[in-house]
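Colleague: sequence unavailable; structure follows:
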């Protein structure tokens, strides 16, 4: 994490409180008193030195308070009753290991006149970093997997840029590139102007289909997912709400199968300050959801409930 994270006023405001600072200072003076009592029994000179240098313990107390309340870059909790860890991390999704969920649209467009590669989206970074901007190569991998899965499609009725074959919301394909597994998830549509659009219900549908696909056809291991639908998709939810939806849907999907060792929800670093994301609140929500998750026990139901 860059130094910018630790200099962020927003993040310090979330983690540091006057009450916490006073508690740390009182703790430091408590240590001073204890050391003074112990050393006075053995050495009068040491007792005098400690009494004269009380200010040193104040400095150490402040330093410890600041260290203890340093803004978090990640937090994780283990899902109760399931062997799965859920993590929320302030990190570029492409910068950490694990199978990566790549958000895309229902026509699986990869170019749109160069908009995809130039955009800061996960798909744009995959195209530029993993495929060196070779759109044809990425298109080949996508088309090959769409055919292999046997998905039905329909022709796009509107005049839109890009591809004309449209697939259902929640369509998932997987393939490997440079020893990394990618899950491309169709969760938005492209309109006449070449802009992505999506709804809250389509987001929830996409997540449910994603987890089902991975549980049935994916590799068991670590999964990395960005905060879906909050960029070009223009879904009317705050980023915290999208993250809570991802947490809830994943927990619900764990009723029947343990298909994932670790899920990491990656928050783009600049978004934390830009959108004032409350990491402390998300940490509390994740901890509570993991601790008190309830799962359906009826066979073949395949759903669970995350208690919020």
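Modeller: Received it, and whenever you're ready, just let me know what you need. Just so you know, these numbers come straight off a predicted model, no measurement behind them. Numbers count the residues shown, from 1 in each chain.
Colleague: host element of residue 160?
Modeller: Under the criterion DSSP states H and E, no helix or strand holds residue 160.
Colleague: give me the distance between it and residue 173.
Modeller: According to CB to CB, to the nearest Å, residue 160 and residue 173 sit 21 Å apart. In this view, the C-beta of every residue, glycine as well, is placed from N, C-alpha and C.
Colleague: now do residue 103
Modeller: Relative to residue 173, and taking CB to CB, residue 103 is found at 13 Å.
Colleague: got it, and residue 43?
Modeller: Taking CB to CB, one finds residue 43 at 73 Å from residue 173.
Colleague: of the two, which one has the most company?
Modeller: Per other CB atoms under 10 Å, whichever of residue 43 and residue 173 has more neighbours is residue 173, with 25 against 12.
Colleague: the more buried one: what's it in contact with?
Modeller: 142, 145, 146, 149, 183, 184 (CB atoms under 8 Å, 6 or more residues apart in numbering).
Colleague: widest-spaced pair of those residues?
Modeller: 146 and 183 (13.3 Å; CB to CB).
Colleague: which one's more surrounded, those two?
Modeller: The neighbour comparison of residue 146 against residue 183 (other CB under 10 Å) goes to residue 183, with 22 against 17.
Colleague: now the more buried one, what's its secondary structure?
Modeller: For residue 183, the assignment made with DSSP: H, G, I helix; E, B strand; the rest coil gives strand.
Colleague: partners of it in the sheet?
Modeller: Assessed by DSSP bridges, residue 183 has beta-bridge partners residue 101, residue 174.
Colleague: show me what contacts it?
Modeller: 99, 100, 101, 102, 172, 173, 174, 210, 213, 214, 218, 223.
Colleague: mind doing that once more with 10 Å?
Modeller: Residues in contact with residue 183 (CB atoms under 10 Å, 6 or more residues apart in numbering) are 99-103, 172-175, 210, 213-214, 217-219, 223-225.
Colleague: quick one: buried ones out of these?
Modeller: 99-103, 172-174, 210, 213-214, 218, 223-225 (16 or more other CB atoms under 10 Å).
Colleague: picking that back up, intersection of neighbour lists for residue 103 and residue 173?
Modeller: 183, 184, 185, 186.
Colleague: now render those residues as JSON lines, adding pLDDT and distance to residue 36.
Modeller: Output for those, formatted as JSON lines (pLDDT from 0 to 100; distance: CB to CB, whole Å):
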{"residue": "183", "pLDDT": "98", "distance to residue 36": "60"}
{"residue": "184", "pLDDT": "97", "distance to residue 36": "64"}
{"residue": "185", "pLDDT": "97", "distance to residue 36": "62"}
{"residue": "186", "pLDDT": "96", "distance to residue 36": "67"}
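Colleague: closest to residue 203 out of these?
Modeller: residue 185 (10.4 Å).
Colleague: related to what we said a few turns ago, return the member of the contacts of residue 173 nearest to residue 59.
Modeller: Closest to residue 59, out of all of the contacts of residue 173 and judged by CB to CB, is residue 183, at 50.4 Å.
Colleague: now the host helix or strand of residue 34: buried residues?
Modeller: Residue 34 is part of helix 18-42 when elements are defined by DSSP H and E. Buried residues in helix 18-42, counted by 16+ other CB under 10 Å: 21, 24, 25, 28, 32, 36, 39.
Colleague: after that helix comes which helix or strand?
Modeller: That would be, after helix 18-42 and using DSSP H and E, helix 44-52.
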